[in-house]
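1. quick one, structure for this:
(4 chains)
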There are 4 protein chains.
Amino acid sequence: MSKLDFVLEEIVTANRILANEGIVDSFGHVSARHPDNPKHYLLSRARAPERIERADLVEYKLDGTAIDDGGRAPYMERFIHGAIYEARPDVQAVVHNHSPSVIPFGVTPKKLKPFLHMCANIGHEVPVWDCRTKFGDTTLLVTDMKMGRDLAKTLGARPSTLMRGHGATVVGRSVRHAVFISVYLELAAKLQMQAMPMGKIKYLSRGEVQQIIDRVNDYTLNRAWENWARRAGREMQPQDAA
Amino acid sequence: MSKLDFVLEEIVTANRILANEGIVDSFGHVSARHPDNPKHYLLSRARAPERIERADLVEYKLDGTAIDDGGRAPYMERFIHGAIYEARPDVQAVVHNHSPSVIPFGVTPKKLKPFLHMCANIGHEVPVWDCRTKFGDTTLLVTDMKMGRDLAKTLGARPSTLMRGHGATVVGRSVRHAVFISVYLELAAKLQMQAMPMGKIKYLSRGEVQQIIDRVNDYTLNRAWENWARRAGREMQPQDAA
Amino acid sequence: MSKLDFVLEEIVTANRILANEGIVDSFGHVSARHPDNPKHYLLSRARAPERIERADLVEYKLDGTAIDDGGRAPYMERFIHGAIYEARPDVQAVVHNHSPSVIPFGVTPKKLKPFLHMCANIGHEVPVWDCRTKFGDTTLLVTDMKMGRDLAKTLGARPSTLMRGHGATVVGRSVRHAVFISVYLELAAKLQMQAMPMGKIKYLSRGEVQQIIDRVNDYTLNRAWENWARRAGREMQPQDAA
Amino acid sequence: MSKLDFVLEEIVTANRILANEGIVDSFGHVSARHPDNPKHYLLSRARAPERIERADLVEYKLDGTAIDDGGRAPYMERFIHGAIYEARPDVQAVVHNHSPSVIPFGVTPKKLKPFLHMCANIGHEVPVWDCRTKFGDTTLLVTDMKMGRDLAKTLGARPSTLMRGHGATVVGRSVRHAVFISVYLELAAKLQMQAMPMGKIKYLSRGEVQQIIDRVNDYTLNRAWENWARRAGREMQPQDAA
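-> A predicted model of the protein is given here:
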């Protein structure tokens, strides 16, 4: 199995997992950097994540041009992905979603911060990108590279960012890593909404967050991935398959 | 396939989707204007949305008289539909539901307003119709054209209205459009209840709402419809089928 | 089909519906008055509602003595049922549950009152029975007729009562009626918890509650029953079957 | 069937139940003391609870050394189990989880206390163990016997303890008992978060909690176990099977 085949199968599984775990609804998308060409990325045609098949996946240049779309309409927001791959050579996968619990943190003054160890991978504090600041009234969609690059700037070197009135974007060093963070970003937000009315919260310390981020490994990611994949009707590929 | 056949299948699918997505329980209903006769509409006999089959659909005049009920008992509240088709020539489909999260907004002073881009299609602000104002103590059901017309007046030119102690009514330029707005009306209400205790909310600006409403198209509606239909055990009909 | 056969099948279906709709967990029970002998009632042996089969149903005298238990262990709390049938000749069915959203209303000063028309059947205001008042520290279980009669006194002529730290008891003029009220009691509680932080609530007026209670009929009950029964893998029996 | 066989099957069923009831996600674990050797315990290799098969179970000494791991990687946090079996001869089973509703009680000043009779088995008040107190910044994982013993000290003679920023640990006199308490610990936390904004709560009195704890028996545990096991696709073993 080629590295490319491996990654394409991972993207299909990722889409099914995110739909099945309630992280994406009919919208939202997952991409991976092309394993053989870091200036290209792989992303489905415009389709609900729960429905995506291998044949829906298209190869794009970082600027969002399809190599061969074969008549398959692209996501209008693919620029989120290209702009981040351009800015972040360390990133191998990007998830964009409208995960329900994160939305209130994008439109209110409360900062999303982890207090559950599983959620430390979202980063010390999740920033909010507001497209209105630079682009004024829009449909809120990231429809060109200019907007994508502005989003990437807010993301910076972090694992995740919120988008005001829109959702979140999460990055990882692999598809499994980005999916893992996306699932626990939703949980972090849900738990924080429940905990805030209960008094002062003991968030994870900076040292705790850092230790957890530094030590997250395939041992952890694969335990979740195997489970989520099966629940979504997919098998986990062995990692040496690629 | 005739336009009528197409619309009848859409109504069945809409009922199954709304039940499956938790927007209707055993009550609530969806209608479409008759594609060949704008003075008639199509609506199921009185039955839970999740159970509706093609054979349950009946053709009604705007005043709620069945063309041929074939012994099939009608919804007592069909006047909601007729009164709106009468007042709004632009409307091709109507959804009435008791979507759980919208109920608190019908009985408290808080105004339901969108802050998530997907929810802009519910309109700038959702009004509340209170049947008690004009009709005093009733069962709250819309049981004649007089009540239906009063509700239609509150709806005005908007996409949706709440009904105090009862639910919501949503309209669209197609069955898919009305279903789409209904699903995101529930989400808008749910998210707003979560966000309100978190401080001042950045709602979508009027310009953002308007841009999103102006640009919503089949490209967007169909992505969701394909997904929701499959989840509910139905296939998406090609739109040129009609 | 005899009236007795009809009622026994209704009880099995009711148990499955209540489990499937989240109104009972592994505990909780449903009974019906014996259709041919108003001094007897029908109730399952001690078993989780989701598992109950026709063969689990036992006939009891009002004092809780089994006519023929055939070695089937009874619910320790069957006295709830007997004491209510004794006090309320109008009651034909009783549901006891630990429906999650009602629990907070049993232990805090907030009164549960309907504001959604579907919930009017729970009554104008739901009282709370606190076993500690008369019986001091107990396991909170209703383990004899003395406790059952005290609970029945709090219930009075109403459709439902809460039980502090324990759950709710609901009565109806048929199994379908009691199940219907139980489902909407849970919804009423859930919605009221959401609406309370949103400002002054417009509850249903006394006149509205009364009109809805007076007009609820088989037309309404059966629409929900058909749907809930099918979801729980059961068919709706025709009512003239008995 | 040997006692060992019985217990091994119980552990598999417990894992499936806890996953199916939402008490564990891809992490969390259940162990039982070895029925023939109180200095050993039985626990799965590192795997998501929903996926665990009989062949995944490994026998460990109290210090966490595997008797024969057969290449099966252990949970890094197995020391939770060993340290508790060491300190508590009465304990026959241990559950460790990240049950969502308990998390906010571990990071805020609110004490988790039961007010629903079904939840009395969690104990009079649930303590919180904070690993930072003694061990400073860590990944929050219990990765050696020193940490495990410190946790066991906070647990003391109680049925359950929370772990700050991490989850909960629950013990029982049997696998069924520990699972039962785990499910109702989640419910207790969920209900308390709902009830707290509703005014002063009537918690169970000390006498009520004690009576319920003293009287919980197989009659109760098995009613839930039969139901949960079936829902999770497993059968309940007869207890005299061992």
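
2. what about the longest helix in chain A?
-> helix A:175-195 (DSSP state H).

3. and chain B, is that helix touching that?
-> Yes: Helix A:175-195 comes into contact with chain B (C-beta under 8 Å from any C-beta of the partner chain), by way of residue A:193. Where you see a C-beta, it was placed from the backbone N, CA and C, and this is true even at glycine.

4. tell me what angle that helix forms with helix B:175-195.
-> 60 degrees (axes from the mean of the first three to the mean of the last three C-alpha atoms, to 10 degrees).

5. and residue A:207, what does it touch?
-> D:136, D:137 (C-beta atoms under 8 Å, 6 or more residues apart in numbering or on different chains).

6. what are the buried residues along stretch A:89-102?
-> For stretch A:89-102, the neighbour count (16 or more other C-beta atoms under 10 Å in any protein chain shown) marks A:91, A:92, A:93, A:94, A:95, A:96, A:97, A:98, A:99, A:100, A:101, A:102 as buried.

7. once you drop chain neighbours, what's closest to the first one?
-> Beyond its immediate neighbours in the sequence, the residue positioned closest to residue A:91 (C-beta to C-beta, 6 or more residues apart in numbering or on different chains) is residue A:171, lying 4.4 Å away.

8. quick check: residues of chain A near chain D?
-> Counting by C-beta under 8 Å from any C-beta, the residues of chain A that sit close to chain D are A:115-118, A:187, A:190-191, A:194-195, A:197-205, A:207-208, A:211-212, A:215, A:219, A:223-224, A:226-228, A:230-231.

9. which of those residues are buried?
-> A:115-118, A:187, A:190-191, A:194-195, A:198, A:201-204, A:208, A:211-212, A:223-224, A:226-228, A:231.

10. give me the most central residue, chain A.
-> Residue closest to the average C-alpha location in chain A (C-alpha atoms, centre = their mean): residue A:95, at 2.1 Å.

11. who's that one bridged to?
-> Per DSSP bridges, residues listed as beta-bridge partners of residue A:95: residue A:30, residue A:170.

12. quick one, helices of chain A?
-> Using DSSP H, helices in chain A cover A:3-20, A:79-87, A:103-107, A:131-135, A:145-155, A:175-195, A:206-215, A:218-231.

13. determine which stretch of those is the most buried.
-> Highest mean neighbour count of the helices of chain A: helix A:103-107, a mean of 26 (counted as mean count of other C-beta atoms under 10 Å in any protein chain shown).

14. briefly note if it comes near chain C.
-> No: applying C-beta under 8 Å from any C-beta, one finds helix A:103-107 separated from chain C by no less than 14.3 Å.

15. residues in contact with residue A:138?
-> Here residue A:138 is in contact with A:131, A:132, B:208, B:211 (C-beta under 8 Å, 6+ apart).

16. let's see 10 Å
-> Taking C-beta atoms under 10 Å, 6 or more residues apart in numbering or on different chains, we find residue A:138 in contact with A:131, A:132, A:147, B:117, B:205, B:207, B:208, B:211, B:212.
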